[in-house]
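Novice: got a sequence here, can you model it:
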Amino acid sequence: MTEILAIEHLAIVPTGPTLSLSVGAGQSLAIVGPAASGKTHFLRVVAGVERPSQGSVRVHGRIAAASSDGISRRAKLQSLIPRGEMTPRGLRVNDLLYALRLGEARFRPISELSPGQYAASELLGPLISDASLILIDGQLDMLDPSTLGNVLKVMRRLQETGTSFVVVTNRAELLNHFDAVIVLKEKQVRFAGSIEDLKR
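Specialist: Down below sits the predicted model:
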């Protein structure tokens, strides 16, 4: 299996345990932990936005992160949608919009979207992209159950084409959808491994 993400002896604080793991093409990794445990910090290190205190991160391929950075809230949702019917990964753009429950909102300003729609709009760009690694920082937690179910189906389809995911979530019921999980507390890794090992 092609390696997409390689983490070697990584820590986001100067002291404490370090983490080494890899995420292959089509695999998914969840990051969980209480508030202020370092989940977003960890994701920013993976993205290359921040430097780790120890160790290294290597990503083989392009990264796309769910975010609204640089997007005006006055802009219409339609401005985020690329021209063309198909995404690079073979998804129909229109089907993706309706899966995210954004089809009827495409001509509304982003500022008028509900919190759930806003979170879905932040997912749109990465899911449309040809990125090898997609980073999601809590947006899944904001989705209603129906939209969440649709997004998980889209993620599975993208995983079948080789896209990998690293996802921050506080929803324990989502963990069964991931290949592995990292548990953080006080910015230190307290567990890293399979969901089965975590349950044990």
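
Novice: so which residues of this structure form strands?
Specialist: According to DSSP state E, the chain carries its strands in the segments 3-11, 19-24, 28-32, 54-59, 63-65, 133-137, 164-168, 180-185, 188-193.

Novice: can you tell me what sits against the third one?
Specialist: Strand 28-32 is contacted from outside by 5, 21, 23, 39, 42-43, 155, 159, 164-170, 172, 174-175, 177-184, using CB atoms under 8 Å, 6 or more residues apart in numbering. In this view, the C-beta of every residue, glycine as well, is placed from N, C-alpha and C.

Novice: that older thread, could you export the strands of the chain as JSON lines, including mean pLDDT, mean neighbour count and distance to Leu123?
Specialist: Formatted as JSON lines, the strands of the chain follow (pLDDT from 0 to 100; neighbours: other CB atoms under 10 Å; distance: least, CB to CB, whole Å):
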{"stretch": "strand 3-11", "mean pLDDT": "95", "mean neighbour count": "19", "distance to Leu123": "19"}
{"stretch": "strand 19-24", "mean pLDDT": "95", "mean neighbour count": "16", "distance to Leu123": "19"}
{"stretch": "strand 28-32", "mean pLDDT": "97", "mean neighbour count": "23", "distance to Leu123": "14"}
{"stretch": "strand 54-59", "mean pLDDT": "95", "mean neighbour count": "16", "distance to Leu123": "19"}
{"stretch": "strand 63-65", "mean pLDDT": "95", "mean neighbour count": "20", "distance to Leu123": "10"}
{"stretch": "strand 133-137", "mean pLDDT": "97", "mean neighbour count": "24", "distance to Leu123": "7"}
{"stretch": "strand 164-168", "mean pLDDT": "98", "mean neighbour count": "25", "distance to Leu123": "11"}
{"stretch": "strand 180-185", "mean pLDDT": "95", "mean neighbour count": "20", "distance to Leu123": "20"}
{"stretch": "strand 188-193", "mean pLDDT": "93", "mean neighbour count": "17", "distance to Leu123": "25"}
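
Novice: Thr147: which of the ones you listed is closest?
Specialist: strand 133-137 (13.6 Å; CB to CB).

Novice: give the pairing partners of that closest one; include direction for each.
Specialist: Sheet pairing of strand 133-137 (DSSP bridges) gives strand 63-65 (parallel), strand 164-168 (parallel).

Novice: take the ones you listed and lay them out in TSV including distance to Ser79.
Specialist: Shown next, in TSV, are these (distance: least, CB to CB, whole Å):
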stretch	distance to Ser79
strand 63-65	17
strand 164-168	25
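
Novice: identify whichever of the ones you listed lies nearest to Leu102.
Specialist: Of all the strands paired with strand 133-137, it is strand 63-65 that lies closest to Leu102, at 17.4 Å by CB to CB.

Novice: now do that closest one: distance to the chain's middle.
Specialist: 8 Å (CA atoms, centre = their mean, to the nearest Å).
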